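[1] after the sequence you'll find the predicted model.
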Amino acid sequence: MKTNLVKKRTHTKSNKIYNKSWQAIIFILPGLILAIAFIFYPMIKNIQISFSDYDIMSGKLTFTGLNNYKELFNESQQRFFTAYRNNILYAVVVTPITLFLGLIIAVAINSIKKFSVTFKVIYYLPVITSWIIAGLMFKYLFNPGIQGPINYLLVNILHIIPQPINWLKTEWGGNISIWILGIWKNIGYAMLLYLAALQGINKSYYEVADIEGATGLQKLKKVTIPLIKPTSFFLTIQLLIGSFNVFLQVLVLTGGDPRGKTSVLQYLLYTRTFKLYKFGEGAAIGILTAVSILIVTLILNKKMKVDY
Amino acid sequence: MKIIRNIMIAVLTLGLLLTGCAKETKDVKDNPNNNTDGKTNEQTHTGEDNKSKEKVKITFWHNYGADKETPFFQEKIIPMFNEKYPNIEVEVVAQGNDQYREQIVISAGTNTTPDVARLDITDVSGLAKIGALMSLDEMEGFNELKDNLFEGPMSTNYYNGKYYGLPLDTNCKAAVFNMNKLKELGFEDVPKTMEEFIDASTKKGGYTLNVSSAGEWDFLPYFWSFGGVLTNEDFTKATGYIDSQQSIDAVNKLKELHEQGMFTIKEIDGTTDAWDGIKSGEYAMFLEGPWFFAFTGDWKELGLKPALIPTYNNESGSIVGGESIGIFNSCEHPKEAFLFIKFLLSEEVQVLMGQEMGQMPVLKSAAKNPKLTSDEVWSVYLEQLNNARTRIPSPEKATIEEYIKDAFDSILTGAATTEDGLKQAASLLDEVLSQN
């Protein structure tokens, strides 16, 4: 009798699990199919192509081991290493400046009572502006002649430099322009997330700090920054991943000029694939980018130790 | 959990099966002699052969402009073809010019290539190299057609001993003068030589000659006109040519004119755009294709005039541009596709496309047609075409373009001496040309 009861209970339990599983499957399946079609399959194919000689017409893959990677590393112009360096520099320059300015603007907007929505919109506008339009605008700003607003300002108004600089045709002028565009485009995003984080901080922390006689800077250092650490972590990861995906600003502003010195990994991937039809090398750049992002994320995860 | 796992396995298997199916379809398409209905091409019927037989459909991709060219092609040219070949249906797909090349590469990778496509002349060899295009040498009537086409545009379709396309339209650069500015310089008519133009411009001062960039398409006509040479005739060696003394002299002359402030390079100096500057009378001369006049309806009122590029040391050199037409390897009806190409290359259509779509004919007989030779713009460009040269035909054209631009850029911006810049370009180009 007891055995039967146990069996019955076990049976009912497994039935419940069975039904719950089916309910879960119904919800998981559409997403899973899409993920397989648009994420996992292309990912596996990309890995395969990076280790093969890919005949695009027949789809035939001939395994060539590390040849595509070797070609990238041994190319006489060393464009891969220049592009990789530029991605790292972009990450090192753009990420902290964007975080810093985003936080300052968020704190400022958070502290004002009037026009805060107007300022939020103004600072967020670049985020929703098309990269192409923003790129063309920056191309105009960095025009090489005296007609370029930046050159006009530096030469004719501030008298800092004697001659106009051909910003987009020099290695560092081009890179600086790309960085400034990246910072300008991302500040609004950082500001918005920081604002949300700031509004989530319990006011009693500041009240206690006030009682203790803390200055504004001390409150920022000891209260605000530690409490918005998860947001900072999230933004850092996002911006670092974004740094490895820089593409449009290079395409519009410099086209990699001069001699690939302002190129980045995604631009190199694009030119190798669509201009030179070197699909294997393009795929290899994709893999190396993904591995780099993974390593950066793992390191940050370990170093920052965020408690959510 | 077990069920979820099983479902995932099933979906993955389904995915793999689908991939397998796609591959099978592709294999069938890879063989141009196979048709989906199992018939060989010999068994299919052209409109000319037998009008009562089954209708064949071919797809044609193009990047004609949306305002004037596409409507005329769709509404006039295609109906003419349908009338002549009622058994061949042409599905015309206007792809637009943006990312057109990328679109073709993606279509090659996803087994969705059209049967026939209009292609930039510089893309043919690259697409032939990856096996996307069909060689046309064996097509019926190819040799007669080839003999009647301009040699320069025809040569851009040559790769590895075969022709993978035929020129569809061509263009070159000629000089565009602002007659009002020329008068200021002391000319009553267009100058015939560069020497007299330089002399007058130097005396007057200020920029008179403009080029957009130091890239191949913009800069090579100047490089060639001033005596520069890129490679040997077979396009297999650059050392001894691009770095030869005559090339060094050509670049030094251009550099000197640039430094004197007579010759401006927009991308380097940030000066006024060539089109705006020539219209406003800021510049006296620049080199441009025939489309400049098609887009500038009031060119006569503005005092502009097309003319042959002035000679320097009795020589001048223009550059060949234009589009080709090719058949993709996936085409199931190559014979019908070639009939379509032959139709587009007929004199009647070439003249019509010249008059109504601004497409410079590639057919020698069409270029002699009085309807075109009597036109004041076309007559100049058709004559200039005689000394227009092709860029280095190579599947590595993007790399070549990059090396040449890098060399000119670094010399003109002072980052490298002329000798060093050209020497480096020569060695880099040799590396690429040896792979051809």
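    Great, that's in hand.
[2] residue B:324: neighbouring residues, count only.
    28 (other CB atoms under 10 Å in any protein chain shown). Where you see a C-beta, it was placed from the backbone N, CA and C, and this is true even at glycine.
[3] pretty sure it sits against residue B:170.
    No - counting by CB atoms under 8 Å, residue B:324 does not reach residue B:170; the two are 9.4 Å apart.
[4] who touches both of those two?
    residue B:153 (CB atoms under 8 Å, 6 or more residues apart in numbering or on different chains).
[5] skipping its backbone neighbours, what lies nearest the closest residue to chain B within chain A in space?
    Using CB to the nearest CB, the closest approach of chain A to chain B is made by residue A:145 at 2.5 Å. Using CB to CB, 6 or more residues apart in numbering or on different chains and skipping the chain neighbours, the partner closest in space to residue A:145 is residue B:270 (2.5 Å).
[6] do residue B:331 as well
    That would be residue B:115: by CB to CB, 6+ apart, it lies 4.0 Å from residue B:331.
[7] for the one you found, give its distance to chain A.
    Residue B:115 sits 14 Å away from chain A, going by CB to the nearest CB, to the nearest Å.
[8] so that residue makes contact with residue B:329?
    No - applying CB under 8 Å, one finds residue B:115 not in contact with residue B:329, separated by 10.1 Å.
[9] least trustworthy helix or strand in chain A by mean pLDDT?
    helix A:2-35 (a mean of 76; mean pLDDT, DSSP states H and E).
[10] looks to me like residue A:178 is in a helix.
    Yes - applying DSSP: H, G, I helix; E, B strand; the rest coil, one finds residue A:178 inside a helix.
[11] that older thread, for residue A:244, see how far away the residue nearest to residue B:331 is.
    40 Å (CB to CB, to the nearest Å).
[12] residue A:169 too?
    Residue A:169 is 25 Å from residue A:244, by CB to CB.
[13] look at the two and report which has more neighbours.
    residue A:169 (25 against 20).
[14] quick one: contacts for that one?
    A:144, A:254, A:257, A:258, B:267, B:268, B:409, B:413.
[15] how about 10 Å then?
    By CB atoms under 10 Å, 6 or more residues apart in numbering or on different chains, the contact list for residue A:169 reads A:142, A:144, A:254, A:257-258, A:261-262, B:213-214, B:267-268, B:270, B:409-410, B:412-413, B:415.
[16] same deal with residue B:101?
    Counting by CB under 10 Å, 6+ apart, residue B:101 has contacts A:274, A:275, B:63, B:119, B:120, B:122, B:123, B:126, B:127, B:398.
[17] each with direction, which strands does the top strand by length along chain B pair with?
    Criterion DSSP state E: the longest strand present in chain B is strand B:318-327. Here strand B:318-327 is paired, per DSSP bridges, with strand B:116-120 (antiparallel), strand B:166-172 (antiparallel), strand B:388-389 (parallel).
[18] same list, the ones you listed, but as TSV with mean pLDDT and mean neighbour count please.
    Below are those laid out as TSV (pLDDT from 0 to 100; neighbours: other CB atoms under 10 Å in any protein chain shown):
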stretch	mean pLDDT	mean neighbour count
strand B:116-120	96	24
strand B:166-172	93	26
strand B:388-389	88	20
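[19] so for residue A:123, which of those strands sits nearest?
    strand B:116-120 (42.5 Å; CB to CB).
[20] what values do phi and psi take at the residue nearest to residue B:331?
    phi -80, psi -40 (degrees, to the nearest 10).
[21] spit out the contact partners of it.
    Counting by CB under 10 Å, 6+ apart, the residues that residue B:115 touches are B:56-61, B:90-91, B:134, B:327-328, B:330-334, B:336-337, B:340.
[22] any idea how far residue B:171 is from residue B:388?
    For residue B:388, the distance to residue B:171 - CB to CB - is 9 Å.
[23] residue B:421 too?
    Distance from residue B:421 to residue B:171, by CB to CB: 29 Å.
[24] cool, and residue B:161?
    With CB to CB as the criterion, residue B:161 and residue B:171 are 27 Å apart.
[25] so what pLDDT did the residue most central in space within chain B get?
    Taking CA atoms, centre = their mean, the centroid of chain B lies closest to residue B:322, which sits 3.2 Å from it. Note for residue B:322: predicted pLDDT of 92.
[26] which strand residues bridge it?
    residue B:170.
[27] contact partners for it?
    Per CB under 10 Å, 6+ apart, neighbours of residue B:322: B:120-122, B:150, B:152-153, B:156, B:167-172, B:289, B:359-360, B:362, B:385, B:388, B:390.
[28] likewise residue A:269?
    Taking CB under 10 Å, 6+ apart as the test, what residue A:269 contacts is A:83, A:247, A:278, A:281, A:282, A:283, A:284, A:285, A:286, A:288, A:289.
[29] my guess is the third one contacts residue A:71. True?
    Yes - taking CB atoms under 10 Å as the definition, residue A:278 is a contact partner of residue A:71 at 7.6 Å.
[30] shared neighbours, these two?
    Joint contacts of residue A:278 and residue A:71 (CB under 10 Å, 6+ apart) are A:272, A:284.
[31] show me which of the two is the more surrounded one.
    A direct count of neighbours by other CB under 10 Å for residue A:278 and residue A:71 places residue A:278 higher, at 21 against 16.
[32] per-residue pLDDT, that one?
    91.
[33] for it, phi and psi?
    Torsion angles, degrees, to the nearest 10, at residue A:278: phi -90, psi 80.
[34] residues in contact with it?
    A:54, A:68, A:71, A:72, A:269, A:271, A:272, A:284, A:285, B:396, B:399.
[35] and of those, the nearest to residue B:295?
    Once CB to CB is applied, the member of these that ends up nearest residue B:295 is residue A:271, at 29.6 Å.
[36] my guess is the closest one contacts residue B:102. True?
    No - between residue A:271 and residue B:102 there is no contact under CB under 10 Å: 11.3 Å.
[37] those two: who's more crowded?
    Shown here are residue A:271 and residue B:102; by other CB under 10 Å, residue A:271 has more neighbours (24 against 13).
[38] just to revisit the earlier point, would you turn the contacts of residue A:269 into JSON lines with secondary structure?
    Listed next are the contacts of residue A:269 as JSON lines, based on three-state DSSP:
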{"residue": "A:83", "secondary structure": "helix"}
{"residue": "A:247", "secondary structure": "coil"}
{"residue": "A:278", "secondary structure": "coil"}
{"residue": "A:281", "secondary structure": "helix"}
{"residue": "A:282", "secondary structure": "helix"}
{"residue": "A:283", "secondary structure": "helix"}
{"residue": "A:284", "secondary structure": "helix"}
{"residue": "A:285", "secondary structure": "helix"}
{"residue": "A:286", "secondary structure": "helix"}
{"residue": "A:288", "secondary structure": "helix"}
{"residue": "A:289", "secondary structure": "helix"}
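[39] and the residues you listed, which are buried?
    A:83, A:278, A:281, A:282, A:283, A:284, A:285, A:286, A:288, A:289 (16 or more other CB atoms under 10 Å in any protein chain shown).
[40] hmm, the last one is touching residue A:87, no?
    Yes - taking CB under 10 Å as the definition, residue A:289 is a contact partner of residue A:87 at 8.1 Å.
[41] is it true that residue A:126 touches residue A:188?
    Yes - taking contacts as CB under 10 Å, residue A:126 lies within contact range of residue A:188: 5.5 Å.
[42] ok, the residue of the stretch 201-350 of chain B found nearest chain A - how many residues close by?
    Chain A sits closest to residue B:270 of the stretch 201-350 of chain B, with a gap of 2.5 Å, by CB to the nearest CB. Counted with other CB under 10 Å, residues neighbouring residue B:270 total 22.
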